[in-house]
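> I'll drop the sequence and a predicted model, then ask my questions.
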Amino acid sequence: SVKLNMHGFSEISSISDSFNQMIDVIRNQDTARQEFVSNVSHELKTPIASMKVLADSLLSQEGMPEEIYREFLGDITNEIERMTKIINDLLSMVKMDKNTSQVEVVNTSINDLLEQLLKRLRPIAAERNIELIYESYRPVMADIDETKMSIALNNLIENAIKYNYDDGWVRVTLNADHKFFYVTVQDSGVGIPEDVQDNVFERFYRVDKARSRDTGGTGLGLSLTRSAVLLHRGSIKLYSKEKEGTTFTVRIPLTYVP
Ligand code: ADP
C-alpha cells in the first residue's frame, strides 16, 4: 500500500505542476480569458481537493483494513483519470485555438477515419448494449487535419453513446456531394432541452452537472468539436428532442481553402 501511495502522490504533484504551467500559458496569452481560467481552476481544484482528503485520511489512520486502502486508492485513481481527461481536453483546446492554430490538411479517406473511430468506441457501446450503426453512402476523400477531425467526430459519437439509454442505438452516416461531405451522428438518447441547445457548444457547459460528472464529462467536448469544424471552414447543426434523441450534422468542404 505504501508503494501505491507514493505512486499516487507523485502522479498528483506532476498533474498539478502541468496544471499550473498550463494556467500560466493561458493567462499570458490573453488576459481577457480570466473567466475561463477561473473555470479551469475550479474544475481542477475539485478533484485535487478530493484527492487530498482521501490521501490525508489514509495517512492519518494506522492499521486500516486493506479493503479501505484499496477503496480510497481506487477513488484517488478515478480523480486522477478525471483530471487527465480535463487536461487532455485543455491541451486539445490550445491546439484548436483559431488565432494560433494551423490546420495541416492532408487528403484523407473519411470512410477509413470513421471506421477507425467506430472500432475504438464499439467496446464502450457494447458495455451498455448500445448498437453502433455505420452507413456510408460513398467513398469520400477530403482535405482534413486528421488529428483535429478525429477529435471532433469522436466527441460526437462518444456523446451519442454517453447520453444514451441502455440498449439504445447510435447511427453514424457519411455522405457527400460535389462540394462537401456530411457526417450525421444520431442517437436514441436523453436529448437536449430546446432552451439550452445553443449553449451546449460553450466551454464547460453541461446540461446536467451531476449527471455529466457521473458520465465523466468535462464540458469541453462539443466546444472542441465546433472549433475543429470551424477551422475546416465547416458548419455544425443539432436537432434534438428530449427523451427521444439527438442528431448532430457536420458539413465540411471537400477541398480546404485557407
Ligand atoms: P461533456 O464533457 O459534459 O460531455 P460536451 O461539451 O461534450 O461536454 O457536451 C456538453 C453537454 O451537452 C453535455 O454535458 C450533455 O449534457 C449535452 N450533450 C452533448 N451531446 C449530447 C447527446 N448526444 N445527447 C444528449 N445530450 C448531449
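Happy to help now that I have it. Residues are numbered from 1 along each chain as shown.

> What residues are bridge-paired with the spatially closest residue to Y239 that is not a sequence neighbour?
Using C-beta to C-beta, 6 or more residues apart in numbering and skipping the chain neighbours, the partner closest in space to Y239 is T247 (4.7 Å). Any C-beta I mention is one placed from the backbone N, CA and C, and that applies to glycine too. In this entry, T247 is beta-bridged to Q186, Y239, by DSSP bridges.

> residues contacting T247?
T247 makes contacts with 184-187, 238-240, as judged by C-beta atoms under 8 Å, 6 or more residues apart in numbering.

> In PyMOL, how would I select the buried members of those residues?
In PyMOL, this line selects whichever of the contacts of T247 come out buried by 16 or more other C-beta atoms under 10 Å:
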select buried, resi 184+185+186+187+238+240
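
> and the ligand, which of the contacts of T247 contact it?
D187 (C-beta under 6 Å from any ligand atom).

> Now the contacts of T247 in CSV, please, with extra columns for pLDDT.
Listed next are these as CSV, based on pLDDT from 0 to 100:
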residue, pLDDT
T184, 98
V185, 98
Q186, 98
D187, 98
L238, 98
Y239, 98
S240, 98
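
> Out of the contacts of T247, which is nearest to the ligand?
Ranked by distance to the ligand (C-beta to the nearest ligand atom), these are led by D187 at 5.1 Å.

> what's the nearest residue to that closest one if we skip its chain neighbours?
A160 is the one closest to D187 (C-beta to C-beta, 6+ apart), at 3.7 Å.

> Counting by contacts, list what the host helix or strand of that neighbour packs against.
In this assignment (DSSP states H and E), A160 forms part of helix 146-162. When contacts are defined as 3 or more C-beta pairs under 8 Å, 6 or more residues apart in numbering; DSSP states H and E, helix 146-162 packs onto helix 66-96, strand 106-109, helix 110-127, strand 169-176, strand 180-187, helix 221-231, strand 245-253.

> Using PDB, write out every CA atom in the fourth one.
Extracted C-alpha coordinates of strand 169-176, given in PDB (Å, rounded to 0.1, in the frame of the first residue of the first chain):
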ATOM      1  CA  TRP A 169     -28.600   2.800 -30.700                       C
ATOM      2  CA  VAL A 170     -26.300   5.300 -32.400                       C
ATOM      3  CA  ARG A 171     -26.300   5.800 -36.100                       C
ATOM      4  CA  VAL A 172     -23.400   7.400 -37.900                       C
ATOM      5  CA  THR A 173     -23.800   8.300 -41.600                       C
ATOM      6  CA  LEU A 174     -21.400   9.600 -44.200                       C
ATOM      7  CA  ASN A 175     -22.500  11.200 -47.400                       C
ATOM      8  CA  ALA A 176     -21.100  13.800 -49.900                       C
END
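
> Please state the mean pLDDT value computed over that strand.
The pLDDT scores in strand 169-176 average 98.

> helices and strands around that strand, which ones?
helix 110-127, strand 131-136, helix 146-162, strand 180-187.
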